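> predicted coordinates and the sequence they were generated for:
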Amino acid sequence: MTNRAPLIPPFSWHQAIVEPWTDHQPGTLWMVLTAILLAVPCALLGNYLILRRMALVGDAISHSVLPGLVLAYLLFRDLGTGYMLGGAIAAGLLTTLLIDFLTAKTKLKSDAATGIAYTTLFALGMYLVNRYTSRVHLDAECVLFGELEYIPLSEPSALRVGEWGFIPMAVLISLGAALAVGVLLKVFAKELKVTSFDPGFARSAGVRVGFIHYGLMALLSLIVVTSLERVGILVVALLVLPGSTAQFFTRRLARLHLLSVIFAVTGVLGGFHLGSWLLVPTAASIALWGGLQFGAAWMGTLALQSWRRAQMRPAR
């Protein structure tokens, strides 16, 4: 009779908490920093998707950028970041247009239209990958699972930080995407807020609702394609879980942004150490920790509501 590995390995404080920051300090720093730089803008964008009841669109775009990446390569025969980014943004906008078209021209509701659009485009992307790009580094596994653990081994930049060595290019790319998202969300904060809460009033006030909507989708495509190589399609968890957890505590947009950023950062840190303990891919453990945070917030809210109802009951 063979010995089977336990479902949950024994917890070791040194292995899960101490060792990653001592024995593997530079690698841990770059990996965690990259994950945070991706998680924070995803959380901010996710808040608007949740308010607009478009959370599934993030899932759709994360799947449908694959054909955009492949077609960009087939057109330009180059895996450069600019070509890949352009193809991904084009695919993201195409997905949004297809969802809007199906919703407007058929009797389908948005969730059904979203499912049709992203499964069809994702299947097309898988076909194109296997048919035309099998000999280049553009594989389906990278899209599905990400390569967050390989950040320390990725191409280094020309910037060096003391004893930590050269900053990986992946960190700088993630930083650039995060800054772009942050700046554009700040510049269009009023328009995004009014179109998210009351699009009818926004139209009457002269706000270009369509421009804001598709601009948000283009920004979403930018952060999704930046995240795909690092965390795979689990980027959906980064988009949805922090904002959904924050909504248990507030409905005000400014506080929602603040809390979602906090949950995004704690999700990365907690998920990283959870993965070090359970020996599972970091992207998966980050998503799992985010789900645990959501569950804890939900249960805490239910317990608080029960306690308040008990306090309001008249004594017999």
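Cool, the structure landed.

> hey, where'd the strands end up in the stretch 201-316 of the chain?
With strands called from DSSP state E, counting those that start in this stretch, the stretch 201-316 of the chain shows none.

> need the contact partners of stretch 91-107.
With C-beta atoms under 8 Å, 6 or more residues apart in numbering as the test, stretch 91-107 has contacts from 57, 60-61, 64-69, 71, 108-110, 113-114, 116-118, 121, 213-214, 217-218, 220-221, 224-225. Where you see a C-beta, it was placed from the backbone N, CA and C, and this is true even at glycine.

> what about dumping the CA coordinates of it to PDB?
The C-alpha trace of stretch 91-107 is given here as PDB (Å, rounded to 0.1, in the frame of the first residue of the first chain):
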ATOM      1  CA  ALA A  91      -9.700  41.900 -29.200                       C
ATOM      2  CA  GLY A  92     -11.000  43.300 -26.000                       C
ATOM      3  CA  LEU A  93     -12.900  46.000 -27.800                       C
ATOM      4  CA  LEU A  94     -14.200  43.500 -30.300                       C
ATOM      5  CA  THR A  95     -15.500  41.400 -27.500                       C
ATOM      6  CA  THR A  96     -17.300  44.400 -26.000                       C
ATOM      7  CA  LEU A  97     -18.800  45.300 -29.300                       C
ATOM      8  CA  LEU A  98     -20.000  41.800 -30.000                       C
ATOM      9  CA  ILE A  99     -21.600  41.600 -26.500                       C
ATOM     10  CA  ASP A 100     -23.400  44.900 -27.100                       C
ATOM     11  CA  PHE A 101     -24.500  43.800 -30.600                       C
ATOM     12  CA  LEU A 102     -25.900  40.500 -29.400                       C
ATOM     13  CA  THR A 103     -27.700  42.200 -26.500                       C
ATOM     14  CA  ALA A 104     -29.200  44.900 -28.800                       C
ATOM     15  CA  LYS A 105     -30.100  42.800 -31.800                       C
ATOM     16  CA  THR A 106     -31.400  39.600 -30.100                       C
ATOM     17  CA  LYS A 107     -33.500  38.700 -27.100                       C
END
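
> show me which positions of stretch 247-264 end up buried.
The neighbour-count check on stretch 247-264 (16 or more other C-beta atoms under 10 Å) flags Gln247, Phe248, Leu253, Leu256, His257, Leu259, Ser260, Val261, Phe263, Ala264 as buried.

> one step back: of the contacts of stretch 91-107, keep whichever come out buried.
In terms of neighbour count (16+ other C-beta under 10 Å), the buried residues within the contacts of stretch 91-107 are 57, 60-61, 64-69, 71, 113-114, 116-118, 121, 213-214, 217-218, 220-221, 224-225.

> and whichever strand or helix holds Leu49, what does it pack against?
Per DSSP states H and E, Leu49 falls inside helix 25-51. Packing partners of helix 25-51 (3 or more C-beta pairs under 8 Å, 6 or more residues apart in numbering; DSSP states H and E): helix 55-76, strand 166-168, helix 169-187, helix 189-197, helix 209-231, helix 235-246, helix 253-278, helix 282-312.

> what angle sits between it and helix 189-197?
50 degrees (axes from the mean of the first three to the mean of the last three C-alpha atoms, to 10 degrees).

> possible to save the buried residues of stretch 247-264 as CSV with distance to Leu33?
Listed next are these as CSV, based on distance: C-beta to C-beta, whole Å:
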residue, distance to Leu33
Gln247, 27
Phe248, 28
Leu253, 27
Leu256, 24
His257, 21
Leu259, 21
Ser260, 19
Val261, 15
Phe263, 18
Ala264, 13
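
> could you check how far the nearest residue to Val65 once chain neighbours are set aside is from Glu163?
Excluding its sequence neighbours, the residue lying closest to Val65 (C-beta to C-beta, 6 or more residues apart in numbering) is Ala88, at 4.2 Å. Distance, Ala88 to Glu163, using C-beta to C-beta, to the nearest Å: 36 Å.

> compare these two (neighbour count), which wins?
More crowded of Ala88 and Glu163, by other C-beta atoms under 10 Å: Ala88, with 25 against 7.

> list the buried residues in the helix holding Leu49.
Buried residues in helix 25-51 (16+ other C-beta under 10 Å): 27-51.

> and the host helix or strand of the residue nearest to Val65, how far out from the chain's middle?
In this structure, Ala88 sits in helix 81-105 according to DSSP H and E. Between the centre of helix 81-105 and the centre of its chain there are 17 Å (C-alpha atoms, centre = their mean, to the nearest Å).

> list of residues touching the helix or strand just after it?
Using DSSP H and E, the next helix or strand after helix 81-105 towards the C-terminus is helix 110-132. Helix 110-132 has contacts (C-beta under 8 Å, 6+ apart) with 53-54, 56-57, 59-61, 63-71, 74, 91, 94-95, 98-99, 102-103, 106, 108, 138-140.

> ditto for stretch 270-290
8-9, 11-12, 15-17, 19-20, 28, 31-32, 35, 39, 145-146, 148-149, 230-232, 234, 237-238, 241-242, 245, 263, 267-268, 292-293.
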